[in-house]
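Chemist: fold the stuff below for me.
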Amino acid sequence: MAAKLRFNYTNNMAEYEACILGLKMANDMNVYELLVIGDSDLLIHQVQGEWVVKNPNIIPYVQYVQKLCKRFRKIEFRHTPKIQNELDDADYIDSLDIELKEHPLHCSHVEAKPDGLPWYFDIKKYLESGTYPENAKSNQKKLIRHMALNFFLSGEILYRRTPDLGFLRCVDPVEAVRLIE
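Modeler: Presented below is the predicted three-dimensional model:
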């Protein structure tokens, strides 16, 4: 996940923004139990209600993180000092490099198929079961196989790999409208 904050922010606000992105991503991937490891003492203790939130700009962040936490069956926040964050936990979580991009959002507009199915239906079906549309000709099958190389499934969610190794979530028109709103 790559993001760039396009407003004036403090370090603490950036920590909350990163936490929110991570929680949303975990929720989108249908994660039910989550261990959040962070080196922001302030964020960890404020979210758990152990420390008072004095900065009025941070209150909405704390409330939103707590709201997102309710989407998980089990969620635990654990503080780890910065020095240990990379060393001690590297053996039980994969490291994650976050790179800030100038253009954090990428959309590809694709017209809806006339049959009412999402544009990615054939690719998703091929990845799920290895099957093609019923009347697909050999060149259509080849195209689906070729296109499927740039996609992967995580649970029920289809993602497209980008040339810079990012991931785009594939959405149908209804979900696109919901996300835009």
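Chemist: separation between Tyr64 and Gly116?
Modeler: Separation of Tyr64 from Gly116 (C-beta to C-beta, to the nearest Å): 35 Å. Where C-beta positions appear, they are placed from N, C-alpha and C, glycine not excepted.
Chemist: what comes up buried for stretch 52-61?
Modeler: Within stretch 52-61, the residues scored as buried using 16 or more other C-beta atoms under 10 Å are 53, 58, 61.
Chemist: what's in contact with stretch 140-150?
Modeler: The contact list for stretch 140-150, computed with C-beta atoms under 8 Å, 6 or more residues apart in numbering, reads 122-123, 126-127, 132-133, 136, 160-161.
Chemist: buried only: go through the residues you listed for me.
Modeler: Buried by 16+ other C-beta under 10 Å: 122-123, 126, 132, 160, out of those.
Chemist: widest-spaced pair of these?
Modeler: Farthest pair in the buried ones among the contacts of stretch 140-150 (C-beta to C-beta) is Tyr132 and Arg160. Separation: 19.3 Å.
Chemist: SS state for the residue nearest to Cys69 when sequence neighbours are not counted?
Modeler: In space, and not counting its chain neighbours, Cys69 is closest to Ile75: 5.0 Å by C-beta to C-beta, 6 or more residues apart in numbering. Classification of Ile75 using DSSP: H, G, I helix; E, B strand; the rest coil returns strand.
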